[in-house]
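J.: Please work out how this folds:
(chains A and B)
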Amino acid sequence: MSDAPGRDFIRQIIFEDLEAGKHDEIVTRFPPEPNGYLHIGHVMSICLNFGVGEENDGRTFLRYDDTNPGKEKQEYVDAIERDVHWLGFDWGDRLTHASDYFERLYESAEKLIDLGVAYVDDLSAEEIRAYRGTLTEPGKNSPYRDRSVEENMDLFRRMRAGEFEDGTHVLRARIDMASPNMNLRDPTIYRIRHLDHQRTGDTWCIYPMYDYAHGLSDAYEGITHSLCTLEFEDHRPLYDWFLDQLQPEHRPRQIEFSRLNLAYTITSKRKLGLLIENNVVSGWDDPRMPTIAGMRRRGYPALALRDFVKRAGVTKKDKLIEMGALENCVREDLGDIAERRMAVLRPLKVVLTNYPEGQVEMMEAMNHPNNPDMGTREIPFSRELWIEQDDFMEEAPRKFFRLKPGGEVRLRFGYIIKCEDVIKDADGNVIELRCTYDPETRSGAGSSDRKVKGTIHWVSAAHGVPATVRLYDRLFTVPDPNSVDDFMEVLNPDSLETVAATLEPTLADVTGSDPVQFERLGYFCPDSHSHTVDAPVWNRIVTLRDTWARIEKQAMSTA
RNA sequence: UGGGGCGUAGCCAAGUGGUAAGGCAACGGGUUUUGAUCCCGUGAUUCGCAGGUUCGAAUCCUGCCGCCCCAGCCA
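T.: Numbering: from 1, shown residues only, chains lettered A, B, ... in the order given. I've put the predicted structure just below:
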């Protein structure tokens, strides 16, 4: 991905428009429908729209496209505002709704009738579909297409007055039933819905369609560039048609770009909703969800998300971006800001047989290896420790430089230890290691400068803080779950693993949700829902790059 | 079979007639008390394919192939 993209095609168009003196100010909008949570795809749109606004000293609206009551909820409205703010963007006083313009939109619809380019159709939904024709065959005109202006006006006003049942009438644009562009075959402008709207209550029983409301709302707000995704490309002639007919003061221009798809995940709000309904995940903000709320709870920094979409770029080519690209951005950001700590996820007991019983030494540990300004902390060291099960192998391959029988390893910020004995249970499982430590090798202060190949992390058994740690993996087993018949068939059964871990004591009273790095394991943060000081729950944000895991995997596949 | 888009390395992406940027991934090597970080190095005789124009083409022309979107009273 381009690190410093010159100017994407949209910014180029805007640049040229500005050069040509077409606008005094650039005005954009981010127009979500409040029918679900925002996801990684929206991050792209948010960054584009607000980014373009900021870069040009322009303005950006946050506008709810709330033209379809029944699908929309206040919960989503609240979540959207929270998410956009969290990403670092501000709409100031430019928070609007398509529903703010219902009266104006209605008046314009009457104007379309006056102009003779809109009519009330009595055909049923099924009939309209049948009359529309197919992709290769032209449609045919509705028998109601040639009603008089007076009759249309009367009917439309009675639609508004609530005289008709849902589905009995629609207002349609009179364009061309034979158009090769399906969107121009007399599209619906208004439909009857006897349904309370979350903002306008029961004021209306007719609601405008997206294609009609969107372009006009853009015009009302003085939007100069209306940026949307590719699937609206062939709606543009219709977008322009309404503007041509009604000649509003401002003339917005719609430009389309490709959606951002992430490998091994889905972004359809409907499908994400199904994951919740089927209890595959715990909610819209489950840390495995590609929603902004989910990624925030997971611990992905807002800056990393912004960096990611910036690197992905703005083009018209379908994208399916590898997870690794996102994870790289997360690691890059966290690597600098996260303090280091030690934690053992899958504990294996180590007893230092030559270490005095009852003795405790405080070891000084750097909070960041590359940034001394972040200070140090003290960690207790004692005779009994936990180390990671993965850091011991009874029959280790040549390149394994962690602990093995008779082998030596450095304990991070501690001593060099040697494995003398392996204790097993009745089933042959390794349950404890008997080791000796070399008192001359104390970290920083040792009188010996001998080195060993490996360094592993540890936590003092007597001082460790028990915690639940949740390890996350991709939700699906295939790169493009959208392309399979049933996405529920390709779920990753191991997307969540919960382990009972032990954390170093400095983590005992953490209350916020700041990310830290558990050395050699990855980045973690307290879970914003479940974590308490008494019962700590941490999320793994992302692992560290793991060259050893790769080597192991290769060895397995060639063996 | 209609219309609208898109095809540059595994994934993104610059490039707009003058001889293929960059990032991620991958692979080598160096530093390292995180097999992390950091540093250095390695990739396209070629831009979906085939012709053509030109001294010269990823860029222009023609034809073909592949992928995506459209038949909601959803957005």
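J.: Could you tell me how far A:Phe518 is located from A:Ala467?
T.: 10 Å (Cβ to Cβ, to the nearest Å). (Each C-beta comes from the backbone N, C-alpha and C, glycine too.)
J.: Identify the contacts common to the two.
T.: Between them, A:Phe518 and A:Ala467 share these contacting residues under Cβ atoms under 8 Å, 6 or more residues apart in numbering: A:Ala343, A:Leu503.
J.: Show me how far stretch A:458-467 is from its chain's centre.
T.: Taking Cα atoms, centre = their mean, to the nearest Å, one finds stretch A:458-467 lying 34 Å from the centre of the chain it belongs to.
J.: Ok, stretch A:235-250 next?
T.: In terms of Cα atoms, centre = their mean, the centre of stretch A:235-250 is found 33 Å from the chain centre.
J.: And stretch A:429-438, by the same measure?
T.: In terms of Cα atoms, centre = their mean, the centre of stretch A:429-438 is set 44 Å apart from its chain centre.
J.: again, but for stretch A:455-467
T.: When distances are taken as Cα atoms, centre = their mean, stretch A:455-467 is centred 33 Å away from the chain's centroid.
J.: Look at that stretch and report the distance between its end residues.
T.: Criterion Cα to Cα, to the nearest Å; first-to-last residue distance in stretch A:455-467 is 24 Å.
J.: List the buried residues in it.
T.: For stretch A:455-467, burial by neighbour count (16 or more other Cβ atoms under 10 Å) applies to A:Thr455, A:Ile456, A:His457, A:Trp458, A:Val459, A:Ser460, A:Ala461, A:His463, A:Gly464, A:Val465, A:Ala467.
J.: Just the mean pLDDT for it, thanks.
T.: The pLDDT scores in stretch A:455-467 average 98.
J.: Please see if that stretch touches RNA strand B.
T.: Yes. Using Cβ under 7 Å from any atom of the strand as the criterion, contacts between stretch A:455-467 and RNA strand B involve A:Thr455, A:Ile456.
J.: Excluding its own residues, what touches that stretch? List them.
T.: Contacting residues not belonging to stretch A:455-467 are listed as A:342-344, A:347, A:349-350, A:360, A:379-382, A:384-388, A:391, A:402-403, A:409-412, A:414, A:500-505, A:507-508, A:518-521, A:536-538 [Cβ under 8 Å, 6+ apart].
J.: Just the buried residues of those.
T.: Members of these classed as buried by 16+ other Cβ under 10 Å are A:342-344, A:347, A:350, A:379-382, A:385-388, A:391, A:402-403, A:409-412, A:414, A:501-505, A:507, A:518-521, A:536-538.
J.: and RNA strand B, which of those residues contact it?
T.: With respect to RNA strand B, and counting by Cβ under 7 Å from any atom of the strand, the subset of these in contact is A:Arg402, A:Arg410, A:Arg412, A:Gly414, A:Glu519, A:Arg520.
J.: ranges for the strands of the stretch 51-200 of chain A?
T.: Listed in chain order, the strands of the stretch 51-200 of chain A (DSSP state E, counting those that start in this stretch) span A:59-64, A:95-97, A:118-121, A:170-173, A:188-192.
J.: by contact count, what packs against the fourth one?
T.: With contacts defined as 3 or more Cβ pairs under 8 Å, 6 or more residues apart in numbering; DSSP states H and E, strand A:170-173 has these neighbours: helix A:102-114, strand A:118-121, strand A:188-192, helix A:236-246.
J.: Quick one: closest of these to A:Ala263.
T.: Proximity to A:Ala263 (Cβ to Cβ) singles out helix A:236-246 among the helices and strands packed on strand A:170-173, at 29.5 Å.
J.: what's the angle between the closest one and helix A:102-114?
T.: Compare the direction of helix A:236-246 with that of helix A:102-114 by axes from the mean of the first three to the mean of the last three Cα atoms, to 10 degrees and you get 80 degrees.
J.: Please, where are all the strands along the stretch 351-500 of chain A?
T.: With DSSP E, counting those that start in this stretch as the definition, the stretch 351-500 of chain A shows strands at residue ranges A:361-366, A:376-381, A:384-388, A:408-411, A:416-424, A:430-438, A:455-456, A:458-460, A:465-472, A:496-503.
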